[in-house]
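# build me a structure from this.
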Amino acid sequence: METFRVAEVLAAFSLTTDMAAGMPVEKGLRTCAVATVFARDVLGLEAETCRTVYETALLRSVGCTSYAPELASLFGDEIAVQRALKHLVL
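Sure thing, here's the model as predicted:
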C-alpha cells in the first residue's frame with residue numbers, strides 16, 4: 001500500500017482550494033513558502049513551530065468555498081466574486 005505524507009495531501013488540498021476560490025494556481029503554495037521562510041529566517045522559530053506554520057499556511061483558505069451556493073444565488077458566478085473579494089483584501 002502506498003503511503004502519503006500529510007504535507008502532500010495538504011498541498012493537493014491547497015491547489016484545489018485555489019481553483020475553487022478563483023485564485024491563481026499555486027497561490028496557496030507560494031503563501032506557504034513565504035510564511036515558512038519568514039518563520040524560519042526572520043522570526044528564528046524552531047523546526048516544529050515552522051512545521052506548524054507550514055501546515056497552517058496550506059490550510060488557511062479551508063472553508064472559503066463553504067458559502068459558494070449562497071454567493072452563486074446572489075451574484076451568479078461565485079468564483080468571480082471570491083476572486084474580486086480577495087483582490088480587494090490583498
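# next, the distance between the ends of stretch 38-55.
Terminal residues of stretch 38-55 lie 14 Å apart, using CA to CA, to the nearest Å.
# the helices in this structure, which residues?
For the chain, the helices defined by DSSP state H occupy 6-20, 27-37, 47-59, 68-75, 78-89.
# including mean pLDDT, could these go into JSON lines?
Shown next, in JSON lines, are these (pLDDT from 0 to 100):
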{"stretch": "helix 6-20", "mean pLDDT": "86"}
{"stretch": "helix 27-37", "mean pLDDT": "91"}
{"stretch": "helix 47-59", "mean pLDDT": "92"}
{"stretch": "helix 68-75", "mean pLDDT": "83"}
{"stretch": "helix 78-89", "mean pLDDT": "74"}
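# okay if I get these as TSV plus mean neighbour count?
For every residue, glycine as well, the C-beta is placed using N, CA and C. Output for the helices of the chain, formatted as TSV (neighbours: other CB atoms under 10 Å):
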stretch	mean neighbour count
helix 6-20	15
helix 27-37	17
helix 47-59	16
helix 68-75	12
helix 78-89	14
